[in-house]
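Asker: Provide a 3D model corresponding to the input given below.
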Amino acid sequence: MLIHGETIQEEETNTVPETGQTTTFQSTKLPLKRDDGSIYALCGISVDISRLKDIEKALRESEQRFMIAGQAAYDLIYERHLSSGQLIWFGDINSILGYPESIELNRPDQWMSLIHPDDQELSAKCVMVTRLCPSR
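Answerer: This next block holds a predicted model:
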């Protein structure tokens, strides 16, 4: 790094042998340069991101459990993002409903297009009610 004058950003994991405690850092190392561009020192900044890593791991595990629950129940469970309207399905919606993998069902309009025309008005009203109900 000092030879090429590049900034390096990477995660570093350190374990204290005596305690076995592991800490993860987001580290940035950069050369300090004189006015003429020559390098005279190295600057390093590290931020402990261990808590963030623990939270990310817990979230991945929770998502995996939720996915397994949806598959085991042979049921369709979804999450709808309020800002984008995107649907995230937990469980294999396409095979459960008999649609090929090429059909995407991650937006409400895609989902509604598959509902029988006689049922679309009622389904749209149900969707609207869920949008208007406050979260509990």
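
Asker: what strand or helix carries the residue sitting furthest away from the middle of the chain?
Answerer: Relative to the mean C-alpha coordinate of the chain, counting by C-alpha atoms, centre = their mean, the farthest residue is residue 36 (43.8 Å). Following DSSP states H and E, one finds residue 36 outside all helices and strands.

Asker: neighbouring contacts of the top strand by length along the chain?
Answerer: Identified as the longest strand of the chain according to DSSP state E is strand 22-33. Here strand 22-33 makes contact (C-beta atoms under 8 Å, 6 or more residues apart in numbering) with 1-2, 5-16, 39-50, 53. From N, CA and C alone the C-beta is placed, and that goes for glycine too.

Asker: can you list the buried residues in it?
Answerer: For strand 22-33, the neighbour count (16 or more other C-beta atoms under 10 Å) marks 24-25, 29-31 as buried.

Asker: from the contact counts, what lies against whichever helix or strand comes after it?
Answerer: The C-terminal neighbour of strand 22-33 among helices and strands, as given by DSSP H and E, is strand 39-48. When contacts are defined as 3 or more C-beta pairs under 8 Å, 6 or more residues apart in numbering; DSSP states H and E, strand 39-48 sits against strand 22-33.

Asker: may I have the strands that pair with the strand it packs on, each with its orientation?
Answerer: According to DSSP bridges, strand 22-33 has the following sheet partners: strand 8-15 (antiparallel), strand 39-48 (antiparallel).

Asker: quick one: which of the ones you listed is nearest residue 76?
Answerer: When those are compared by C-beta to C-beta, strand 8-15 sits nearest residue 76, at 36.9 Å.

Asker: now the closest one - C-alpha only, CSV.
Answerer: What follows is strand 8-15, C-alpha atoms only, in CSV (Å, rounded to 0.1, in the frame of the first residue of the first chain):
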residue,chain,number,x,y,z
ILE,A,8,-7.4,0.0,1.4
GLN,A,9,-10.8,-0.7,3.1
GLU,A,10,-11.4,-4.2,4.6
GLU,A,11,-12.9,-6.1,7.4
GLU,A,12,-10.5,-7.5,9.9
THR,A,13,-11.3,-10.0,12.6
ASN,A,14,-9.2,-10.4,15.7
THR,A,15,-9.4,-13.0,18.4
